[in-house]
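**Student:** Sequence and predicted model, in that order:
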Amino acid sequence: MRAPGTSLAGTGTLVRFALRRDRVRLPVWVAVGAGLVATQSVSSQALYDSPQDLAAYAASVGANAATIALSGPPVGLDTVAGAVAFEISSFVVVLTALMAASTTGRHTRADEEAGRTELVRAARVGRHAPLAAAVVVSAAACLAVALAIGVAATATGLPAGGSFLLGASVGAAGLVFTGVTAVAVQVGASARAAQGAVLTVLGAAFVLRALGDVEGSWVSWASPIGWAQATHPYSGDRVLPLVLCLLATAVLLGISVVLLDRRDLGSGLLAARPGPASAPRSLRSPLGLAVRLQRGALAGWTAGLALLGLALGGLAGSVETLFADNPEARAFLPDAASVVDAYLATALSMVALLSGAHAASAVLRARAEEAAGRAEPVLATATGRVAWLAAHAAVALAGASLLLLVAGAALGTVRALATGDPAELGRLLGATTAYLPAVWVLAGLAVALSGLLPRPAATLAWAAVAYVTVMAFFAGSLDWPGWVDDASPLAWTPLVPVDDAAAVPLAVLTAVAAGLLGAGLAGFRRRDLVAG
Amino acid sequence: MAPVIAVSGLVKTFGTSRALDGLDLEVAPGEVHGFLGPNGAGKSTTIRVLLGLLRADAGSVRLLGGDPWHDAVALHRRLAYVPGDVTLWPGLTGGEAIDLLGRLQGGLDPARRAELLERFDLDPRKRARTYSKGNRQKVALVAALASDAELFVLDEPTSGLDPLMEAAFQDEVRALRDQGRTVLLSSHVLAEAEHLCDRLTIVRRGRTVQSGTLAQMRHLTRTSVTVETARPVPGLADLPGVHDLRTEDGRLHVDVDTSALDDVVRQLAGSGVRSLVSAPPTLEELFLRHYGDDVPAEPALAVR
């Protein structure tokens, strides 16, 4: 064994290099985390500005299992600050864990697979230096998140002590996931496999935490997210769970160093399993290829939207009590006789937006294939231009429709169970179908852009999704002229179940989607293939 | 017989840059045709036009008797293509990519596929993300060679292969010619074309500078010899097939026709050779020497 000093040689240089490579992405992660807390702080203080509002809120969410499963232990709800921590902490903890996992993975195994580590290690750089540098950068980012959240919460008027404890809890969870990732990248057969293992751990941690918090049992203590939330900022102000996080991080990092010494550069302790030597029968057409390329992402989105549908359905129960006495909150929802239906229409719009976002990203996959040069060998075979792009468009349209319907079915099932009326499932699933044409328009727009304006297609398609999102949620509160909103397909979609599903606007939207699709396919047939 | 590829006056511009500026190319059935030029000469652009991936701005392009833009799908059933820079789907294994490309092209021969995998020493069970450039190229080669195409369009297919694999590749190309198939082989390595090609077309800056058989272009295949001798070498300049004799820093530089190499070596032998370097002329040198004046060019490339 060499002295630790030599095995860490070059760490400082690598840290500076990594910080330079991450000079945009890390500040964005930090800003998003702090921004979420600041937004929640401002909006909660506006919503629950009287003790009665706060009490109604505490009574309704404190007894709602769905909210607790999403958010965390229902403690400290007697103050607005406590409510802020309850509502936002689980999101920022997950966000920070993802930041830590991607940062640590990116500067270790991902660099090894790209061949960069080999080049670096050939210089005067010790064996442990790349891992050490990745951990230092990730830890620094977690610290930055901690401080930024503390500052954001304090600056928006919450007590300083609790604010910085909230920040520290989030940062500490990030440290634990830095450690988890450091171990996973030693074990996983590939960078991707390691990343998958970390996401599994994160998912398991969230589920354990949710189970424990709903039951009020010790199970939360089996989850690092549970530790982070056990500090109870603004109420209990406990510091001990932070020590637990630090200890766990130290143990995980120790394990990762031991494992690092036992593996070769570029491969994990688990050997990569060889894949199939020949293609399955399904992989014989452009459609088969598009399905193969998109199925992983679609499975992930489907699981995510199904969970979201369950959660949104579960929240519907609290809506009535929550909004009954709070006109400010009620103003967020459309006018309707039934406050629950108004809420459900908003929930379905949200699900439709996410499905539309998936549709855009799935269509843009085709454009990414073209830019990366992978379309060229396929189009040099007996595969026509239209067939190729249409295959990707078909997978996008079918996938996005599936997402929307799965989320609608999940939401409807929860409502049917909650109300004891099986007809709710059919009614809400039917309502969901009204949002399909708007999703198709977003997919059609992405096809049209890919076919006609290949270079800016991705930017413009995402700008369109962002525009529709802003219009859906803020058009009412923004004092803009009507035509600004009118270009959004959701503006033309009847707000089912508040409104009736009118056939004419839905037929028009469907026709627009078909027109955009046709224009995109025709454009792609006429233009050059554009790489890069 | 009608040519398999007939291109004349082909023009293609990207924005303000003129990638192809009146290029001509004619490939006869059953020949291995070398398509030579330095990097950036327009070889890949021409091939992409031939495949209907890019649309010609002017000129006429015929491929297997059809229009490569309008009849793309029908024509592609009859040809196989290996791109210069092969990018594959990172999550698919090499074997899956071979099957996919083969099936999309119209089916491939399983026995031939297995034979080629063996020949090129390629593990089809690895994910493409772990393949080196050479292995990605092998995937495209196996998929192309296992197909039953009439025309093979190969864009710098050996740039990532080691010498052993290059030899295997050359055997495969000869086998294709023996079966009467047509091959368009682009390259910037003259030696490769010398080994394989019946005829050559040399392009530079989007234009054809010369086209013909190797014999017609024998002057392109001179060997450049640099030698340091104890005594002066008498009569070297008078030998037939010796060109551009010059002395720099006591070293003798000379370009020798392949047919005259034996005489030159004989002549050198008596002069106390201290060091001897011989190299085939690079394409860049050839272009500078033979075509430098032809191209009304930017000042940077004006020769002499």
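**Tutor:** That came through fine. Residues are numbered from 1 along each chain as shown, chains lettered A, B, ... in the order given.
**Student:** Which helix runs longest in the chain?
**Tutor:** In the absence of a named chain, chain A is used. Within chain A, and with DSSP state H defining each element, the longest helix by residue count is helix A:286-324.
**Student:** Chain B, not that one
**Tutor:** Longest helix in chain B, counting residues (DSSP H): helix B:163-178.
**Student:** Give me the contact list for it.
**Tutor:** Around helix B:163-178, the neighbours that count as contacts under C-beta atoms under 8 Å, 6 or more residues apart in numbering or on different chains are B:30-32, B:116, B:119-121, B:134, B:138, B:141, B:145, B:152, B:154, B:157-158, B:161, B:183, B:185, B:192, B:195-196, B:198. No exception for glycine: its C-beta is placed from N, CA and C like everyone else's.
**Student:** what about 7 Å?
**Tutor:** Under the criterion C-beta atoms under 7 Å, 6 or more residues apart in numbering or on different chains, residues B:32, B:119-120, B:141, B:145, B:152, B:157-158, B:161, B:183, B:185, B:195-196 lie in contact with helix B:163-178.
**Student:** Kindly report the same for stretch A:307-326.
**Tutor:** Contacts of stretch A:307-326 from elsewhere in the structure, counted by C-beta under 7 Å, 6+ apart, are A:47, A:52-53, A:56-57, A:60-61, A:64, A:66-67, A:70, A:329-330, A:339-340, A:343-344, A:347, A:351, A:406-408, A:410-411, A:414-415, A:418.
**Student:** And residue B:140, how far from residue A:529?
**Tutor:** 17 Å (C-beta to C-beta, to the nearest Å).
**Student:** actually residue B:191, sorry about that
**Tutor:** According to C-beta to C-beta, residue B:191 and residue A:529 sit 32 Å apart.
**Student:** Could you do residue A:438 as well?
**Tutor:** In this structure, residue A:438 and residue A:529 are 31 Å apart, going by C-beta to C-beta.
**Student:** who has more neighbours, those two?
**Tutor:** Each of residue A:438 and residue A:529 has its neighbours counted (other C-beta atoms under 10 Å in any protein chain shown); residue A:438 has more, 28 against 20.
**Student:** Next, the contact list for that one, please.
**Tutor:** Listed by C-beta under 7 Å, 6+ apart, the contact partners of residue A:438 are A:352, A:356, A:489, A:490, A:493, A:509.
**Student:** mind listing what the third one touches?
**Tutor:** The contact partners of residue A:489, by C-beta under 7 Å, 6+ apart, come to A:438, A:441, A:442, A:468, A:509.
**Student:** Run the chain-centre distance for the helix or strand containing residue A:105.
**Tutor:** Using DSSP states H and E, the secondary-structure element containing residue A:105 is helix A:80-106. On the basis of C-alpha atoms, centre = their mean, to the nearest Å, helix A:80-106 sits 12 Å off its chain's mean C-alpha point.
**Student:** what separates whichever helix or strand comes after that helix from the chain centre, distance-wise?
**Tutor:** As assigned by DSSP H and E, the chain's next helix or strand after helix A:80-106 is helix A:109-114. The chain centre lies 24 Å from the centre of helix A:109-114; the measure is C-alpha atoms, centre = their mean.
**Student:** coming back round to it: can you select the buried ones from the contacts of stretch A:307-326 in ChimeraX?
**Tutor:** To isolate the buried members of the contacts of stretch A:307-326 in ChimeraX, using 16 or more other C-beta atoms under 10 Å in any protein chain shown:
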select /A:47,53,56,57,60,61,64,66,67,70,329,330,339,340,343,344,347,351,406,407,408,410,411,414,415
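**Student:** In the stretch 101-250 of chain B, mark out all the helices, start to finish.
**Tutor:** B:110-119, B:133-145, B:163-178, B:190-196 (DSSP state H, counting those that start in this stretch).
**Student:** Of all those, which one is nearest residue A:124?
**Tutor:** Proximity of these to residue A:124 was assessed by C-beta to C-beta; the nearest stretch is helix B:133-145, lying at 28.6 Å.
**Student:** got a list of contacts for that closest one?
**Tutor:** Applying C-beta under 7 Å, 6+ apart, the contact partners of helix B:133-145 are A:377, B:80-83, B:86, B:88, B:94, B:97-98, B:101-102, B:108, B:113, B:116-117, B:120, B:122, B:128, B:152, B:157, B:160-162, B:169, B:172.
**Student:** Same question for stretch A:103-112.
**Tutor:** With contact meaning C-beta under 7 Å, 6+ apart, stretch A:103-112 is reached by A:18, A:22, A:117, A:130-131, A:133-135, A:137-138, A:141, A:178, A:181-182, A:185, A:191, A:194-195, A:265-266.
**Student:** if you look at the residues you listed, which of them are in strands?
**Tutor:** Among those, DSSP state E puts none in strands.
**Student:** Residue numbers of the stretch 151-300 of chain A in contact with chain B?
**Tutor:** A:274, A:275, A:276, A:277, A:278, A:279, A:283, A:284, A:289, A:293 (C-beta under 7 Å from any C-beta of the partner chain).
**Student:** Now intersect those with the helices, please.
**Tutor:** A:289, A:293.
**Student:** For ChimeraX, what selects the buried ones among the residues of the stretch 151-300 of chain A next to chain B?
**Tutor:** Per 16+ other C-beta under 10 Å, the buried members of those correspond to this ChimeraX selection:
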select /A:275,277,278,279,283,284,289,293
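**Student:** ok so, going back, could you give the mean pLDDT of the helix holding residue A:105?
**Tutor:** Per-residue pLDDT over helix A:80-106 has a mean of 94.
**Student:** residues touching the residue sitting nearest the centre point of chain B, list them.
**Tutor:** Nearest to the geometric centre of chain B sits residue B:187, at 2.2 Å (C-alpha atoms, centre = their mean). By C-beta under 7 Å, 6+ apart, residue B:187 lies in contact with B:34, B:36, B:156, B:193.
**Student:** how much space is there between the closest residue in space to it that isn't next to it in sequence and chain A?
**Tutor:** Spatial nearest neighbour of residue B:187, chain neighbours left out: residue B:193 (5.4 Å); criterion: C-beta to C-beta, 6 or more residues apart in numbering or on different chains. Distance, residue B:193 to chain A, using C-beta to the nearest C-beta, to the nearest Å: 22 Å.
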